[in-house]
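Asker: structural data only, the sequence is not supplied:
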């Protein structure tokens, strides 16, 4: 895929974070789960359980001098389903680790809204970040990858996935997918390995979303009022 096509077709990205996390995100960046565990000095079996196993519920983190943080659950995945769809000998614990090393962005509001309205999240407020695609990619090009599927869900006939699911932009088979798939499936996720420490530099707006209502938390100076989820 050409970067110019990515920027033209998907000028904005969206990330859904835990309610109340925005101040910490501005301070520490949008961290991957693994980077967040590094920040909170989580080690040993406790870390392994969070990083390489299914989390049926979200887990709070506490650290000296740090604000409280939440590691989100990964309910939409099960080890039994992963065993059926993982390729190239990848084990479920390896897949969990692969995902936990990345920060995730949706490329369409339709998919964002689907997640906001999912049973696990629709009864709780969420923080939604709206991000400039071009700015983010140009700053983190070497760590940016694209995925053709919702890599964190195995509900409803899970698609095959493995070490080749996430590809650099230049290697992503966009032309082939555009011929074979509907627009929603051309590119499903954009990820950044390790997270985005400088997320503020690429942020357009941040909102608290709950029961269909959107409360603005932050907006870049000069950004249009319709920028957001």
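Answerer: All right, it came through fine. As the structure is a computational prediction, the values presented were derived from the model and not from experiment.

Asker: can you give me the strands for the protein?
Answerer: For the chain, strands defined by DSSP state E occupy the ranges 12-18, 30-31, 59-63, 66-71, 102-106, 126-132, 144-147, 189-193, 195-196, 203-210, 213-219.

Asker: adding mean neighbour count and mean pLDDT, write the ones you listed out as a markdown table.
Answerer: Just so you know, the C-beta spots here come from the backbone N, C-alpha and C atoms, and that holds for glycine as well. Formatted as a markdown table, those follow (neighbours: other CB atoms under 10 Å; pLDDT from 0 to 100):
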| stretch | mean neighbour count | mean pLDDT |
| --- | --- | --- |
| strand 12-18 | 21 | 97 |
| strand 30-31 | 24 | 96 |
| strand 59-63 | 13 | 91 |
| strand 66-71 | 16 | 89 |
| strand 102-106 | 22 | 98 |
| strand 126-132 | 22 | 97 |
| strand 144-147 | 21 | 98 |
| strand 189-193 | 22 | 98 |
| strand 195-196 | 24 | 97 |
| strand 203-210 | 21 | 97 |
| strand 213-219 | 13 | 96 |
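
Asker: who's in contact with the lowest-mean-pLDDT helix or strand in the chain?
Answerer: When the helices and strands of the chain are scored by mean pLDDT, DSSP states H and E, strand 66-71 comes last with a mean of 89. For strand 66-71, contacts defined as CB atoms under 8 Å, 6 or more residues apart in numbering pick out 18, 21, 23-24, 27, 33, 36-37, 39-40, 50, 55, 58-62.

Asker: buried ones among those residues?
Answerer: 18, 21, 24, 33, 36-37, 39-40, 50, 55, 59, 61 (16 or more other CB atoms under 10 Å).

Asker: which ones among the residues you listed map onto helices?
Answerer: Judged by DSSP state H, helices contain the following of the buried ones among the contacts of strand 66-71: 24, 33, 36-37, 39, 50.

Asker: export those to JSON lines and append columns for distance to residue 222 and pLDDT.
Answerer: Shown next, in JSON lines, are those (distance: CB to CB, whole Å; pLDDT from 0 to 100):
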{"residue": "24", "distance to residue 222": "25", "pLDDT": "93"}
{"residue": "33", "distance to residue 222": "33", "pLDDT": "97"}
{"residue": "36", "distance to residue 222": "31", "pLDDT": "96"}
{"residue": "37", "distance to residue 222": "36", "pLDDT": "96"}
{"residue": "39", "distance to residue 222": "32", "pLDDT": "95"}
{"residue": "50", "distance to residue 222": "39", "pLDDT": "96"}
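
Asker: looking at the residues you listed, which is nearest residue 113?
Answerer: Set against residue 113, the nearest of these by CB to CB is residue 33 (23.4 Å).

Asker: name the nearest residue to the closest one, sequence neighbours excluded.
Answerer: Leaving aside its chain neighbours, residue 33 sits nearest to residue 100 (3.9 Å; criterion: CB to CB, 6 or more residues apart in numbering).

Asker: likewise for residue 127?
Answerer: Nearest to residue 127 is residue 17, by CB to CB, 6+ apart, at 4.4 Å.

Asker: help me confirm that the one you found comes into contact with residue 125.
Answerer: No - assessed by CB atoms under 8 Å, residue 17 is found out of contact with residue 125, at 10.9 Å.

Asker: show me the contacts for the residue most central in space within the chain.
Answerer: The centre of the chain sits closest to residue 104, judged by CA atoms, centre = their mean, with a distance of 1.8 Å. Contacts were defined as CB under 8 Å, 6+ apart; by that measure residue 104 touches 15, 151-152, 189-191.
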